[in-house]
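A.B. asks: sharing a model prediction with you, sequence too.
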Amino acid sequence: MENYQIDKYIQDGQDPKVVEKIHGKILDMLTPGESINYIALQKKPAVTLLPDSITVSNKRLFLCEFTKLGLATNFEIFAWQEVKDIAFKEEIFGSKVTVIPFTGENLTIDYIPKTQARKLYQLIKAALDNLQNQKQEPKESKIVIENKPVYGTPTPTPKPELEKPVVAPATEVTKPSVEEEKREERPIPAPSLNDTFQRQDQRQSGFQSPSTPPSSYAAAAPKAEEDDEITLKLKKLKTLYDKQLITQAEYETKKAEILSTL
């Protein structure tokens, strides 16, 4: 590998040989569109041939630890969505950098040079802030437009339909026919004198039913009353006149008719 490929990763005092080895391993794990932004190396007071390292890409965070004299490598890889925060603490010999994930234990690499630790903190914080902004942007930019007007004409809002009042059906009035009107206009005839005499005879004789045949009344009357029929008629006529059931003219006329039978 040419040195110019790793030049930008050794500007803060990183060991070129260690960076070259780590860079080659991580290149094999990059996904499409992913690139390495920074590599920070551990630097202990004693000589360390293969130190631990922290690599930052535009999508993930790689914590690398060499074991068994460099024959084995342990990687802890976190996507930015899995990282809750980053912290570092400056000490006498470098800084202690701690990665705080949402789940699991915190991972710490010590003896990171202070310059590299500050650069790591800036890059990781910027990546986390950018991720947070991306989560908030869809909520803020979401605009719902309803009833979109066409050519500048607002869509009228439909009015709620009013319930129609229930109207009771009109009662049909049947007009009376001409014959019924004439029948209603006919005057009720006044009772004749004979009917009046007959009803009064029935009251005096104690018979209330109009259906009683005349023959039964005649049979029940005494012989003496039949002989004095004219007198009875005159008395009845006078009684009707006194009660004002007949006029004086009717009284005189009927009296003359009764007397004419003597």
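C.D. replies: That came through fine.

A.B. asks: and the helix or strand Ile26 falls within, what does it pack onto?
C.D. replies: Taking DSSP states H and E as the definition, one finds Ile26 inside helix 16-27. When contacts are defined as 3 or more C-beta pairs under 8 Å, 6 or more residues apart in numbering; DSSP states H and E, helix 16-27 packs onto strand 36-41, strand 53-57, strand 60-67. For the C-beta atoms, the positions are set from N, CA and C on the backbone; glycine is no exception.

A.B. asks: tell me which of those strands lies nearest to Asn74.
C.D. replies: Ranking the helices and strands packed on helix 16-27 by their distance to Asn74 (criterion: C-beta to C-beta) puts strand 60-67 first, at 4.4 Å.

A.B. asks: helix or strand right after the closest one?
C.D. replies: With DSSP H and E, the next secondary element past strand 60-67 is strand 72-79.

A.B. asks: tell me how the protein divides into domains.
C.D. replies: Listed domain ranges for the chain are 3-136, 192-259 (source: automatic domain parsing).

A.B. asks: mind putting those into a markdown table with mean pLDDT and mean neighbour count?
C.D. replies: Formatted as a markdown table, those follow (pLDDT from 0 to 100; neighbours: other C-beta atoms under 10 Å):
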| stretch | mean pLDDT | mean neighbour count |
| --- | --- | --- |
| domain 3-136 | 91 | 15 |
| domain 192-259 | 68 | 12 |
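
A.B. asks: still on that earlier bit, now the helix holding Ile26 against strand 60-67, angle please.
C.D. replies: 120 degrees (axes from the mean of the first three to the mean of the last three C-alpha atoms, to 10 degrees).

A.B. asks: between helix 16-27 and strand 36-41, how big is the angle?
C.D. replies: 130 degrees.

A.B. asks: who touches helix 16-27?
C.D. replies: With C-beta atoms under 8 Å, 6 or more residues apart in numbering as the test, helix 16-27 has contacts from 1, 3, 5-6, 9-10, 36, 39, 41, 50-51, 53, 55, 57, 62, 64, 73.

A.B. asks: alpha carbons only: can I get that helix in CSV?
C.D. replies: The C-alpha coordinates for helix 16-27 follow below in CSV (Å, rounded to 0.1, in the frame of the first residue of the first chain):
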residue,chain,number,x,y,z
PRO,A,16,2.4,4.8,10.3
LYS,A,17,3.0,1.0,10.5
VAL,A,18,0.2,0.4,13.0
VAL,A,19,-2.2,2.7,11.1
GLU,A,20,-1.4,0.9,7.9
LYS,A,21,-2.2,-2.5,9.4
ILE,A,22,-5.5,-1.3,11.0
HIS,A,23,-6.5,0.6,7.9
GLY,A,24,-6.1,-2.5,5.8
LYS,A,25,-8.3,-4.6,8.2
ILE,A,26,-11.1,-2.0,8.3
LEU,A,27,-11.1,-1.5,4.6
